[in-house]
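> can you look at this prediction? I've put the sequence above it.
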Amino acid sequence: MRSLAILAACAGLAITALPVAVNAQASGQTTTQNDVKAIWEKFKGSWTQTKGAVKEQWAKLTDDDLLAIEGRRDQLVGKIQARYGISKEEAEAQVSTWEQRRYRDM
C-alpha cells in the first residue's frame, strides 16, 4: 500500500513538472522554478503593458479577470482554465509556452 502512495506522489510531481520540462525541451532551453519566478516578477512590474499581451493571447479573459490576476501566474492559469474549460495541465502548458515567448521578446 505504501509503494502505491509513493507511486501516486511521483506521478503527481511528474504531471506538475511536465509542461515546464516539455517547453524547455521544445525551445532548447532549460527553465527552472527560479527562472519562472524571475519572469513573473518582470511581468508584475510591467503588468499594465503585459495585460495587453495576455488579452491578445487569451481573448476570452475579461478586464475584470485581468484586474484580479494582477500579474500572478497562478491566477492567470486559473482564469484561463475557467474561461476556456480546459484542464489545469493544459492551462499550465499554454502559460509556459506564452511566458517563454514573451520573455525572449523582452
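Alright, I've got the coordinates.

> quickly note the distance from residue 41 to residue 82.
Using CB to CB, to the nearest Å, residue 41 is found at 25 Å from residue 82. (C-beta placed from N, C-alpha, C; glycine too.)

> which one of those two has more residues nearby?
Neighbour totals were compared for residue 41 and residue 82, and residue 82 leads with 13 against 10 (other CB atoms under 10 Å).

> mind checking which helix or strand the more buried one is in?
According to DSSP states H and E, residue 82 maps onto helix 73-84.

> what is the least confident helix or strand in the chain?
Here the helix or strand of the chain ranked lowest by mean pLDDT, DSSP states H and E is helix 2-27, holding a mean of 47.

> could you point out which element follows that one?
By DSSP H and E, the next helix or strand past helix 2-27 is helix 33-45.

> low-scoring stretches of the chain, by residue?
Along the chain, the model assigns pLDDT under 70 to residues 1-31, 105-106.

> residues of the helix holding residue 82 that come out buried?
Within helix 73-84, the residues that count as buried by 16 or more other CB atoms under 10 Å are 73, 76, 77, 78, 79, 80, 81.

> which residues touch the third one?
I take that to be residue 77. Applying CB atoms under 8 Å, 6 or more residues apart in numbering, one finds that residue 77 lies in contact with 88, 91, 92, 95.

> please indicate which of these are buried?
91, 92, 95.

> just the ones of those residues in strands?
Within the buried ones among the contacts of residue 77, no residue falls in strands by DSSP state E.

> helices and strands around the host helix or strand of residue 97, which ones?
For residue 97, the host element (DSSP H and E) is helix 88-105. On a contact count with 3 or more CB pairs under 8 Å, 6 or more residues apart in numbering; DSSP states H and E, helix 88-105 meets helix 2-27, helix 33-45, helix 47-57, helix 73-84.

> okay, now residue 49: neighbour count?
Neighbours around residue 49, by other CB under 10 Å: 9.

> residue 97 too?
16.

> that one and residue 103, how far apart?
11 Å.

> give the contact list for residue 79.
Taking CB under 8 Å, 6+ apart, we find residue 79 in contact with 61, 65, 68, 69.

> skipping adjacent residues, who's closest to the third one in space?
Spelled out, it's residue 68. In space, and not counting its chain neighbours, residue 68 is closest to residue 75: 6.3 Å by CB to CB, 6 or more residues apart in numbering.
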